[in-house]
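# with the sequence up front, the predicted model follows.
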Amino acid sequence: MRRSVAPHPERTSVSTAALAGLALTLSAWNSGDDGVVAVRSEDGRPNASAAATPFYADFRTRPYFFITHTFITYGAQDSAGHPLEQKAVGFYPSTGGAFGPFLVGFTGVVGQEDHFVNLPASADYRRNLTTEQYRRLLAFIDQERAKPRTYSLLFYNCNDFVADAAEAIGLKAPPLRAIPPVLFILLLKEMNN
């Protein structure tokens, strides 16, 4: 005789949450005409007056072989919100090539993301920044470049770096960071609009 075992409540809620997150990620991935999830303000424009905020930060994801990668572009903008410059920075493993994110114990690098800037975005969340927020972003980037970090897909990855940068300029960041980058950017947007 087989005994019926009720599902464990914690396992059920974790499984449900994981499936919901996957569904949200997949639906977001396919929601745009060109596969881009543009997460700007509700009316589609940048989320604050560009005249009052001479700088911007774009929190982005880009395809990277069979995974995606999160990074930031930032710089000065004109009064219409068009970038006057575009700097890019992210956090990634120093070695390992395409498999680097899956390897544990490698030194992480806070470095330029020139290659990813021109690839199609899978998610993009722009924030206009005041001079003070921009100063804090630059200070955060300098501080992170100066300290040694170990890259870990589960413990400190590109999402963690972007979340810490968002918090440095006064935004809220998702507490769960070992999630797909597209979902991470969507949650970042949701928490700050």
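Sure, I can see it.
# all helices for the protein, in order.
9-29, 114-117, 131-146, 158-168, 181-192 (DSSP state H).
# the last one - contacts with which helices or strands?
This points to helix 181-192. For helix 181-192, the packing partners by 3 or more Cβ pairs under 8 Å, 6 or more residues apart in numbering; DSSP states H and E come out as helix 9-29, strand 37-38, strand 55-64, strand 67-76, strand 123-129, helix 158-168. C-beta: built from backbone N, CA, C; applies to glycine.
# equivalent analysis for the second one, please.
Taking 3+ Cβ pairs under 8 Å, 6+ apart as the contact definition, the neighbouring helices and strands of helix 114-117 are strand 55-64, strand 67-76, strand 87-93.
# contacts only, for Ala163.
Ala163 is in contact with 173-174, 177, 184, 188, counting by Cβ atoms under 8 Å, 6 or more residues apart in numbering.
# show me the two of the residues you listed that sit farthest apart.
Spanning the widest gap among the contacts of Ala163 are Arg177 and Leu188, at 10.2 Å by Cβ to Cβ.
# ok, back up a step: least confident of the helices of the chain, on average?
Lowest mean pLDDT of the helices of the chain: helix 9-29, a mean of 39.
# ok, Val109 touching Phe71?
No - contact criterion Cβ atoms under 8 Å: Val109 and Phe71 do not qualify, at 11.8 Å.
# reformat the helices and strands packed on helix 114-117 as CSV; add mean neighbour count and distance to Val117.
Shown next, in CSV, are the helices and strands packed on helix 114-117 (neighbours: other Cβ atoms under 10 Å; distance: least, Cβ to Cβ, whole Å):
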stretch, mean neighbour count, distance to Val117
strand 55-64, 23, 8
strand 67-76, 21, 6
strand 87-93, 21, 5
